[in-house]
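Visitor: Build me a structure from this.
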Amino acid sequence: MTVTDDLDLNLLLADTEEEILRVVANRDASTVGVYEMVRYHLGLDGSAGPRGKRMRPLLGLLAYASIAGDHQASLPGAAAVELGHNFSLVHDDIEDGDIERRHRPTLWAVHGIPQAINTGDLIFSLSRVALHRLSDLGFSDTKVLRLMRLYDETCVMLCEGQYIDIATSAQGEPMTVDLYFDMIGRKTAALISASIEAGALLATDDEDVIGHYRRFGWSLGLAFQLNDDLLGIWGVELQTGKVPTDIVRHKQTLPVLYAFEHATPADHARLTAIYKTDEPTDAEVAEVVAILERAGAADFTRSEAQRHRDQCLVELDGLSVIWPEGPREAHRDHPVRDQRLRRGRPRSRRRRSRSAGDWIRPGRCKPRRDPERPAKDGARHGRLWQKVSVGHNLKLHGMRADTGPRKWPAARGVEAHPRREHGPVQHGLSATWRSLGAVGRVQARRDQ
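Guide: The predicted structure follows:
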């Protein structure tokens, strides 16, 4: 992966919304109203209200930029992901009977259920239309079709997860903890994982790299949902002093489901009785929180969130890192400096492709798969063997011809990516990790 310190999250968000507005612009006078509804739901109607976190497209852009060095070519995929997420929200609001989202009336509460259903369907269709621009940007048909397949399979999983949610709610009995993990995998982790995988597969053909990003996204999605479960019960009370909203709304989140399975018989009976109450009082809500804490639900949920957080770090550690170009003296004293920079040997200019995992001698083109074999007689300066990283094939400012438009060099008619100054820098996904409020700090480290 490429590491860079010049990713401005606000710029990425602004570019994403500009791309979305390109897709949801008015088409003709007779259908202006439905596009106004689309922009209203997305928070892009010119009002000053909240627009949502845009977390999923942001993750996809960062995944692409971490490999390709820039985010512009992946904007259609980011727009598709955000539109796909929002079509499901329009339908969720109807199915759950929610009359408010992001502190303003939901679409169906303003325009009625029939128009809201139709608008949700339109947003889904527009999410697929957004992907068409990838062909205009130079991505191969094979690449675009693979991305569409990933998108369609993810939407199927979203609907399956929503079915589980609705079906178990209608039964009046709490679902099992195992079924809950299945549900949030489909409803939450699938789309986050697909967002990150989409960014990776647009930037590289290396299946091992794409797999690391996919698994990173899945674990991140689960950790994100479990952290949200904790905040829905304990976070709101700590921050605002208000009663836990998830309990008031009888939401079946992991702490509650764990307590149903592990509470004492007396606590189980009381928890069941309160959850059947239409409007629990503040005292009853506090009693539920006490039951959850006695059952160890908070500790279990927190430990599961941390376990998936740790798995995210494992996947990131499995990726190689290359450095921005610049004065090699700036990298010389860093513990994970590039071996080529340390030895001061120029990169080979030959365009021979390597496989990730090959071992090569810096400054030489001949690959060698056995790093343990002694160097040939006459080798000088103690040159070391090193693994081929993703960047060996993708370069720092460009990609292979079959992965999308090149960004290097400018002589080929494409504006060159600005040369970075110097210094070891943080990986873009690490910045997103911190921006999501998750615990710990993700550091990009060299693949050993």
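Visitor: can you pull the buried residues of the helix ranked longest in the chain?
Guide: Longest helix in the chain, counting residues (DSSP state H): helix 141-171. Residues of helix 141-171 classed as buried: 143-144, 147, 150-151, 154-155, 157-158, 160-162, 164-165, 168-169 (neighbour count, 16 or more other Cβ atoms under 10 Å). Any C-beta I mention is one placed from the backbone N, CA and C, and that applies to glycine too.
Visitor: Buried residues in whatever helix or strand comes next after it, which are they?
Guide: The helix or strand immediately downstream of helix 141-171 is helix 177-184, counting by DSSP states H and E. Going by neighbour count (16+ other Cβ under 10 Å), the buried part of helix 177-184 is 177, 180, 181, 183, 184.
Visitor: helices or strands up against helix 177-184?
Guide: helix 141-171, helix 207-230, helix 254-262 (3 or more Cβ pairs under 8 Å, 6 or more residues apart in numbering; DSSP states H and E).
Visitor: any residues touching that helix, and which ones?
Guide: 161, 164-165, 168, 175, 221-222, 225-226, 252-254, 257-258, 261 (Cβ atoms under 8 Å, 6 or more residues apart in numbering).
Visitor: For ChimeraX, write the select line for the buried members of these.
Guide: Selection of the buried residues among these in ChimeraX, burial being defined by 16+ other Cβ under 10 Å:
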select :161,164,165,168,175,221,222,225,226,252,253,254,257,258
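Visitor: Identify, from the contacts of helix 177-184, the entry nearest to residue 28.
Guide: When these are compared for distance to residue 28 (Cβ to Cβ), residue 161 wins out at 35.9 Å.
Visitor: doesn't residue 189 make contact with that closest one?
Guide: No. Contact between residue 161 and residue 189 fails when scored by Cβ atoms under 8 Å: they sit 9.3 Å apart.
Visitor: for residue 100, phi and psi?
Guide: In terms of degrees, to the nearest 10, the main-chain angles of residue 100 are phi -140, psi 140.
Visitor: Can we start the residue count at 5 from this point?
Guide: In the new numbering, first residue 5, that becomes residue 104.
Visitor: Excluding chain neighbours, give the residue nearest to it in space.
Guide: residue 110 (6.2 Å; Cβ to Cβ, 6 or more residues apart in numbering).
Visitor: Residue 233 too?
Guide: Nearest residue to residue 233 in three dimensions, chain neighbours excluded: residue 257, at 4.1 Å (Cβ to Cβ, 6+ apart).
Visitor: what's the pLDDT at that neighbour?
Guide: Residue 257 is assigned 95 on the pLDDT scale.
Visitor: Is there a neighbour count for residue 31? I'd like the number.
Guide: Neighbourhood size, residue 31 [other Cβ atoms under 10 Å]: 10.
Visitor: What helix or strand is it located in?
Guide: With DSSP H and E as the test, residue 31 turns up in no helix or strand.
Visitor: Find the residue closest to it in space, skipping its chain neighbours.
Guide: Nearest non-adjacent residue to residue 31 (Cβ to Cβ, 6+ apart): residue 39, at 7.1 Å.
Visitor: I'd assumed residue 29 was in contact with that neighbour.
Guide: Yes. Using Cβ under 8 Å, residue 39 is in contact with residue 29, at 7.0 Å.
Visitor: which of these two has more neighbours?
Guide: Each of residue 39 and residue 29 has its neighbours counted (other Cβ under 10 Å); residue 39 has more, 18 against 10.
Visitor: That one: what's it in contact with?
Guide: Per Cβ under 8 Å, 6+ apart, neighbours of residue 39: 28, 29, 30, 31.
Visitor: Return the angle between stretch directions for the longest helix of the chain and helix 258-266.
Guide: 50 degrees (axes from the mean of the first three to the mean of the last three Cα atoms, to 10 degrees).
Visitor: Name the helix or strand of the protein that has the lowest mean pLDDT.
Guide: Least confident helix or strand of the chain, by mean pLDDT, DSSP states H and E, is helix 343-347 with a mean of 35.
Visitor: circling back to that earlier point, just curious, which of the buried residues of helix 181-188 is nearest to residue 134?
Guide: Each of the buried residues of helix 181-188 was checked against residue 134 using Cβ to Cβ; the closest is residue 188, at 25.9 Å.
Visitor: Tell me the spacing between that closest one and residue 87.
Guide: Here the criterion is Cβ to Cβ, to the nearest Å. By it, residue 188 lies 22 Å from residue 87.
Visitor: just residue 304 next, same as before
Guide: Taking Cβ to Cβ, one finds residue 304 at 36 Å from residue 87.
Visitor: Could you do residue 186 as well?
Guide: 26 Å.
Visitor: so where's the protein uncertain?
Guide: Applying pLDDT under 70 to the chain picks out residues 5-10, 240-248, 324-452.
Visitor: about what we covered before: my guess is the residue nearest to residue 233 contacts residue 236, does it?
Guide: Yes. The pair residue 257 / residue 236 is scored as a contact, 6.1 Å apart, by Cβ under 8 Å.
Visitor: Could you pull out the residues contacting both of these two?
Guide: residue 250.
Visitor: Quick one: list the elements packing against the helix or strand containing residue 89.
Guide: Following DSSP H and E, one finds residue 89 within helix 79-100. Packed against helix 79-100 by the contact rule (3+ Cβ pairs under 8 Å, 6+ apart) you find helix 13-27, helix 36-46, helix 59-72, helix 111-115, helix 117-135, helix 137-140, helix 145-175, helix 194-207.
Visitor: hey, C-alpha coordinates of the second one in CSV?
Guide: What follows is helix 36-46 as a C-alpha-only set of coordinates in CSV (Å, rounded to 0.1, in the frame of the first residue of the first chain):
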residue,chain,number,x,y,z
VAL,A,36,-38.0,17.5,-10.7
GLY,A,37,-40.0,16.6,-7.7
VAL,A,38,-38.6,13.1,-7.2
TYR,A,39,-35.0,14.3,-7.5
GLU,A,40,-35.8,17.0,-4.9
MET,A,41,-36.9,14.1,-2.6
VAL,A,42,-33.7,12.3,-3.3
ARG,A,43,-31.6,15.3,-2.4
TYR,A,44,-33.7,16.0,0.7
HIS,A,45,-33.1,12.5,2.0
LEU,A,46,-29.3,12.8,1.3
